[in-house]
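In: quick one, structure for this:
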Amino acid sequence: MGAEQFWQTKSLEQMNDQEWESICDGCGKCCLHSFIDSDEEDFSSTDHLREGETLIYSSLVCQFIDEQTCACTRYAERQTLVPSCVKLTKDNLKDIFFMPNSCSYRRLYEGRGLASWHPLLNQGKKIKMNELGISIQGRVTKDNTVYIEEDFEDYIVDWPEFDCD
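Out: Numbering: from 1, shown residues only. Next comes the predicted model:
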């Protein structure tokens, strides 16, 4: 087993910055707008889903995403430009409930390993991931092209929850 299979011998916490970044499969789902559906009137921020709550995904995506490559066009400054952009780190990994089931960080954190479509297992290519419908490619609307508060319900989707193997 060579260094290229580091994810099989190291925990996420043990990975260096380069290894950590390469675990991201680049699907773009983390850039989708989502919200927690709750019956509670006194709703407060949370780091987990509470009883009776559901995470709802939309096909609305951050304006800085490249819809073909599924990559952020302003990655280095994303959190400055979009303060609500979540940066997944080793410190907040335990709060990963908001990431889709197919998220490679979530898969490793939950002990499920990398999926067969992950670019690390496919010569760095996203072709298999895109063919299987794991990425956002061809499925999204940029958030700066619609009036979100009025039209949000028109963009609710369940495909971000899809995962295979």
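
In: parallel or antiparallel, which strands does the strand ranked longest in the chain pair with?
Out: For the chain, the strand with the greatest residue count under DSSP state E is strand 54-61. Using DSSP bridges, the strands paired with strand 54-61 are strand 32-37 (antiparallel), strand 141-142 (parallel), strand 156-157 (antiparallel).

In: list of residues touching that strand?
Out: Residues outside strand 54-61 that contact it (C-beta atoms under 8 Å, 6 or more residues apart in numbering): 28-29, 31-37, 49, 67, 97-98, 100, 136, 139-143, 146, 148, 152, 155-161. Bear in mind the C-beta positions are built from the backbone N, C-alpha and C, glycine included.

In: re the thing from before, looking at the strands paired with strand 54-61, which one is packed in the most?
Out: When these are scored by mean count of other C-beta atoms under 10 Å, the highest mean neighbour count falls to strand 32-37 (a mean of 16).

In: how about the CA coordinates for that strand, as PDB?
Out: Output in PDB follows, covering the C-alpha atoms of strand 32-37 (Å, rounded to 0.1, in the frame of the first residue of the first chain):
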ATOM      1  CA  LEU A  32     -25.800  24.000  -2.300                       C
ATOM      2  CA  HIS A  33     -28.200  26.100  -0.200                       C
ATOM      3  CA  SER A  34     -29.900  23.900   2.500                       C
ATOM      4  CA  PHE A  35     -31.900  24.500   5.600                       C
ATOM      5  CA  ILE A  36     -33.300  22.700   8.600                       C
ATOM      6  CA  ASP A  37     -37.000  22.200   8.500                       C
END
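
In: mean confidence score for that strand?
Out: The average of the pLDDT scores along strand 32-37 is 84.

In: please apply the same query to stretch 105-124.
Out: Stretch 105-124 shows a mean pLDDT of 95.

In: check stretch 146-154 too.
Out: On average, stretch 146-154 scores 82.

In: and that stretch, which residues are buried?
Out: Of all the residues in stretch 146-154, those buried under the rule 16 or more other C-beta atoms under 10 Å are Phe152.

In: run through the helices of the chain in chain order.
Out: Using DSSP state H, the helices of the chain run over residues 17-23, 78-81, 104-109, 127-131, 148-151.

In: give the buried residues for the third one.
Out: Under the neighbour-count criterion of 16+ other C-beta under 10 Å, helix 104-109 has 104-109 buried.
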